[in-house]
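Peer 1: Sequence and predicted structure below; questions after.
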Amino acid sequence: VKIGGNVIDDQDRLDAFLRGFATQKARSILVHGGGKIATDMGAQLGLSAKYVDGRRVTDDATLQLVLMVYGGLVNKRIVAGLQGAGCNAIGLTGADGNVIQANRRPVGAVDYGHVGDVVSAGVNIALLQLLLENGMVPVLAPLTHDGQGGMLNTNADTIAQETARALAGSSAVRLVYCFEKKGVLQDPEDEASVIREIRQEDFERLKAAGIISGGMIPKLENAFAAIRSGVCEVIIGQADDLHLLVAGKAGTKIL
């Protein structure tokens with residue numbers, strides 16, 4: 001399960017989500033984004049956020065910021081919330097236990113800075129399975145490492161997709177993206193306009209029309225990558241509806 005969007009910024013809503021998550025019977029991994037906390041804290045420090053196609057450009061100062069916010073503040077708040085809900089969680093960045101290794105993204109049309117792309121076989125499946133088998137819930141921050149002492153900012157949707165894909169080789173995996181909206185919306189202002197199913201050709205059409213834009217683009221790209229790699233099901237929907245999403249009774253299903 002990946003949790004992000006404005007839910008991360010709303011402590012009451014996040015706490016409610018965590019209480020619901022803690023009741024999940026299936027073995028679960030939680031991946032979290034950073035919400036607007038890093039952007040707000042960066043503004044206080046005189047750092048302006050820059051995004052290209054929904055992905056944060058990460059210079060030296062921004063890397064230090066996201067390490068503190070994602071790996072510290074947000075991750076530990078979530079772990080503490082799960083512990084309070086009776087869920088034995090353990091917070092990890094990609095460097096912890098070598099759980100996720102990445103390469104710095106090559107400079108192309110855009111220089112993303114310290115942004116990582118997960119390497120082939122970069123997810124430590126053995127460690128995740130060991131934790132799950134011992135009743136623990138890994139909580140993954142959107143940070144990876146390069147194996148040479150460097151940390152990298154990596155999109156949380158990508159972390160969720162790569163982790164699901166790695167585990168799909170040995171287990172039946174469902175990937176659920178949770179945020180503040182009811183699903184992928186035909187009209188961003190109308191919560192009732194949920195698109196129940198999206199295929200690749202639908203995605204291309206909706207993106208060209210500007211209906212899907214910003215941070216929703218990498219989310220959908222990762223969702224389709226997960227389906228192609230053997231993940232059984234990908235659902236996108238509202239954090240408040242977690243149990244309905246898991247049951248396939250709400251949100252947008254990616255086909």
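Peer 2: Nice, I can see it.

Peer 1: which residue sits closest to D187 in space, ignoring its chain neighbours?
Peer 2: Sequence neighbours aside, S193 is the residue nearest to D187 in space, at 4.4 Å (criterion: CB to CB, 6 or more residues apart in numbering). Quick note: C-beta positions are derived from backbone N, CA and C, even for glycine.

Peer 1: what about G122, which helix or strand?
Peer 2: Assigning secondary structure by DSSP states H and E places G122 in strand 116-123.

Peer 1: May I have that strand exported as CSV, CA atoms only?
Peer 2: Extracted in CSV, the C-alpha atoms of strand 116-123 (Å, rounded to 0.1, in the frame of the first residue of the first chain):
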residue,chain,number,x,y,z
GLY,A,116,17.4,7.6,-8.2
ASP,A,117,16.1,5.0,-10.5
VAL,A,118,15.9,1.5,-8.9
VAL,A,119,18.4,-0.9,-10.4
SER,A,120,17.6,-4.3,-11.7
ALA,A,121,17.2,-6.7,-8.7
GLY,A,122,17.6,-3.6,-6.5
VAL,A,123,14.9,-4.6,-4.0
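
Peer 1: What strands line up against that strand, and which way round?
Peer 2: Each strand that pairs with strand 116-123, with its direction, by DSSP bridges: strand 100-104 (antiparallel).

Peer 1: which parts of the partner strand are buried?
Peer 2: Neighbour counts using 16 or more other CB atoms under 10 Å place I100, Q101, A102, R104 of strand 100-104 among the buried residues.

Peer 1: now stretch 61-79
Peer 2: Of the residues in stretch 61-79, those buried by neighbour count under the rule 16+ other CB under 10 Å are 62-63, 65-67, 69-71, 74-75, 77-79.

Peer 1: distance between the ends of it?
Peer 2: For stretch 61-79, the first-to-last residue distance is 26 Å (CA to CA, to the nearest Å).

Peer 1: who's in contact with that stretch?
Peer 2: Contact with stretch 61-79 is made by 3, 8, 11, 14, 18, 30, 32, 34-35, 37-38, 41-42, 45, 47, 49, 56, 58, 89-91, 93, 113-114, 139, 141-143, 151-153, as judged by CB atoms under 8 Å, 6 or more residues apart in numbering.
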